[in-house]
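sequence and predicted structure below; questions after.
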Amino acid sequence: MRSTFERVRPYAWLGLLVAVLLVTFDLARTSTNPLNLVQPGEQGPSAEVFHEDFPDEELLTSSGLDGQQFYAVARNPFDLDEAAEQLDRPRYRLQRPLLSWLAWIGHPSGGGHGLIWSLVAVNAIAIWVLAVATGSISVRLGGPPWVAALVGLYPGVWWSLRVTVADTLATALAFASIALLLHHRTRWAVLAAIGAVLAKETAALILIGLAIGRWRERTQWYPVIGAGVVALSWMAYLRLRLPGSEAVGEVTVPFVGFYEAIVDRWLEGDELWGLVGTASGLAVGIAALIRRGVRHPLAPAMILQLVFLAFANGDVLGNSFGGGRALLPLLGLGTIAFLASGGAGVPDDRTAPVAVSPAG
């Protein structure tokens, strides 16, 4: 019998290929300049480092997008004071350092085009990991392995690669933690969970949801505990290291964000990729809950995502840059749950029971 990984792997490569081709097509349509992958803006918080590293390049006239801040941290991730000067909300940005850390490992010699491509490479690997984890979870819960190929079509995956942000990395590591738990690799699951929350702290909701869905198994809480201790310790260190107040504008009164997205953007014909990303995630997640019910092991994680999204503001849900990324965990969980009943699938050949022949 082939292992779960062997069954999923070709579909994971297909998913990565689809995502890369979509991004490549958009770059050919807009600009093949590597700066197009991090979107620095003249009015953005990281403009200074881009003028230093790319003195002959013109930046966007706007404030740019978040990729520029991951680049600013990755130039020298060990100097928090220097990085803080190039970030709009230093603690908030630095509590999500993993993408920048990994990119620095791939290019530890400062900024430049090499660092941009290192950031892109990390996100490309994250897409493949997410695809493998998605397919593995599906198989273990009784679903098909080809769900891994669908990852390349997720709007949040496309945006994460296109503008260099950490959403795919965080979701990939959280899903990897789930897959590893389902394969009884608890220690590796804890490490993946720690990576997930260091990529983006909201990935903890995925881990908590799985632990609730399989609450009778004590090991399901180990990744939650390990990730929680590391994430909270890192946030506490940042609070001491970089004191001061920072507003969290992404959170608002429940459902106001949906109103803002619909009325202020989509009905005006603006930010329609945000509509695609948000609507697709909600549709798949809700359809999966209706089809499988709350007893499905992934149902609590999907419900937590819906509760979290109810408090998101209009920028998070409505912008083309934000909608698909915010809905990425729900879309991923919902796709698996819709196709996988939640029962035991084909066991991995390393964990299947060994048949013992009777004595002759």
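Cool, the structure landed.

and Leu21, how many neighbours?
For Leu21, the neighbour count with other Cβ atoms under 10 Å is 11. For every residue, glycine as well, the C-beta is placed using N, CA and C.

oh, that last question was meant for Leu238, not what I typed.
Leu238, neighbours per other Cβ under 10 Å, totals 19.

that one and Ala283, how far apart?
Per Cβ to Cβ, to the nearest Å, Leu238 is found 37 Å from Ala283.

swap in Leu22?
Distance from Leu22 to Ala283, counting by Cβ to Cβ: 20 Å.

with Glu48 instead?
42 Å.

try Ser245
From Ser245 across to Ala283, the span is 38 Å (Cβ to Cβ).

tell me which of those two has more neighbours.
It is Ala283, of Ser245 and Ala283, that has more neighbours when counted by other Cβ under 10 Å, with 14 against 6.

please identify the helix or strand for the more buried one.
Element membership of Ala283, judged by DSSP states H and E, is helix 272-292.

so what touches that helix?
For helix 272-292, contacts defined as Cβ atoms under 8 Å, 6 or more residues apart in numbering pick out 155-156, 159, 261, 265-266, 296, 298-299, 302-303, 305-306, 309, 317-328, 330-331, 333-335, 337-338, 341-342.

and the residues you listed, which are buried?
Among the contacts of helix 272-292, those buried by neighbour count (16 or more other Cβ atoms under 10 Å) are 155-156, 159, 261, 265-266, 296, 298-299, 302-303, 305, 309, 317-328, 330-331, 333-335, 337-338, 342.

in helices only, show me the contacts of helix 272-292.
155-156, 159, 299, 302-303, 305-306, 309, 317-318, 320-326, 328, 330-331, 333-335, 337-338 (DSSP state H).

who does the longest helix along the chain touch, helix- and strand-wise?
Of all segments of type helix in the chain, defined using DSSP H, the longest is helix 113-140. Applying 3 or more Cβ pairs under 8 Å, 6 or more residues apart in numbering; DSSP states H and E, one finds that helix 113-140 contacts helix 4-29, helix 67-75, helix 98-106, helix 155-163, helix 167-182, helix 328-339.

which one of those helices lies nearest to Phe54?
Counting by Cβ to Cβ, Phe54 lies closest to helix 67-75 out of the helices and strands packed on helix 113-140; the figure is 10.6 Å.

which helices and strands sit right next to the closest one?
Contacts defined by 3+ Cβ pairs under 8 Å, 6+ apart place helix 67-75 against helix 47-53, helix 80-84, helix 90-94, helix 98-106, helix 113-140.

can you tell me which of these is most buried?
Stretch with highest mean neighbour count among the helices and strands packed on helix 67-75: helix 113-140 (a mean of 24; mean count of other Cβ atoms under 10 Å).

now that helix: average pLDDT?
What helix 113-140 shows for mean pLDDT is 98.

what angle sits between that helix and helix 98-106?
On the basis of axes from the mean of the first three to the mean of the last three Cα atoms, to 10 degrees, helix 113-140 is oriented at 120 degrees to helix 98-106.
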